[in-house]
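> A predicted structure for the sequence below; I have some questions about it.
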Amino acid sequence: MNTLAHRQLPPSPRDAAIARSSGEVLSHYAGMAQPLRLRVTDGGQERPIELPAGAVDLLMHVLEAMSAGQGVTLIPEGAELTTVQAADVLNVSRPFLIKLLDQKAIPHRKVGKHCRIRMEDVMAYKDAIDREREQVLDQLTREAQAQDMGYGPR
């Protein structure tokens with residue numbers, strides 16, 4: 001990944017437990033949508049720090065993923081991804097992503113022979129596909145309910 005991205009591999013069981021307990025404490029403050037003041041102790045010396053509300057929310061997501069044993073990759077908005085990176089974000093193969101680019105399903109630009117895809121465009125495509133998938137599932141559920149296939153309303 002480019003130097004703007006940071007990848008943390010799946011945590012050890014000990015780190016997952018730390019993330020879980022830290023997330024439980026932080027969750028009480030995450031929904032407040034305001035900066036959070038913390039005191040950090042290092043070498044017996046305390047220093048106050050302030051985290052913006054957005055950083056607190058993001059930190060909650062990171063801790064949730066880590067507590068579930070998942071690795072985390074942070075990619076800032078505006079970053080340009082390689083085809084390998086974009087395929088990883090979408091959880092598809094690189095050849096499948098290349099077909100999407102050829103079909104102009106995702107905007108991209110060429111740098112020499114290589115494609116670069118903006119993170120925002122990758123996420124917009126992912127959101128559109130997720131919405132489409134939800135609509136199809138809703139339709140299938142309605143049809144199953146109409147045919148009394150055991151999927152009645154609750």
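Structure received. Numbering: from 1, shown residues only.

> per-domain residue ranges of the protein.
Listed by automatic domain parsing, the domain ranges of the chain are 1-74, 78-154.

> now the ones you listed in TSV, with mean neighbour count and mean pLDDT?
Backbone N, C-alpha and C define where each C-beta goes, glycine included. Converted to TSV, those look like this (neighbours: other Cβ atoms under 10 Å; pLDDT from 0 to 100):
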stretch	mean neighbour count	mean pLDDT
domain 1-74	13	88
domain 78-154	13	91
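
> longest helix anywhere in the chain?
helix 119-146 (DSSP state H).

> what's the spacing between that one and its chain's center?
17 Å (Cα atoms, centre = their mean, to the nearest Å).

> Could you name the helices and strands sitting against it?
When contacts are defined as 3 or more Cβ pairs under 8 Å, 6 or more residues apart in numbering; DSSP states H and E, helix 119-146 packs onto strand 80-81, helix 83-90.

> possible to save those as CSV with distance to P48?
Formatted as CSV, those follow (distance: least, Cβ to Cβ, whole Å):
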stretch, distance to P48
strand 80-81, 37
helix 83-90, 36
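
> closest one to H28 among these?
Between H28 and these, the tightest spacing by Cβ to Cβ is seen for helix 83-90, at 31.0 Å.

> Off-centre distance for the closest one?
Distance, stretch centre to chain centre, for helix 83-90: 13 Å (Cα atoms, centre = their mean).
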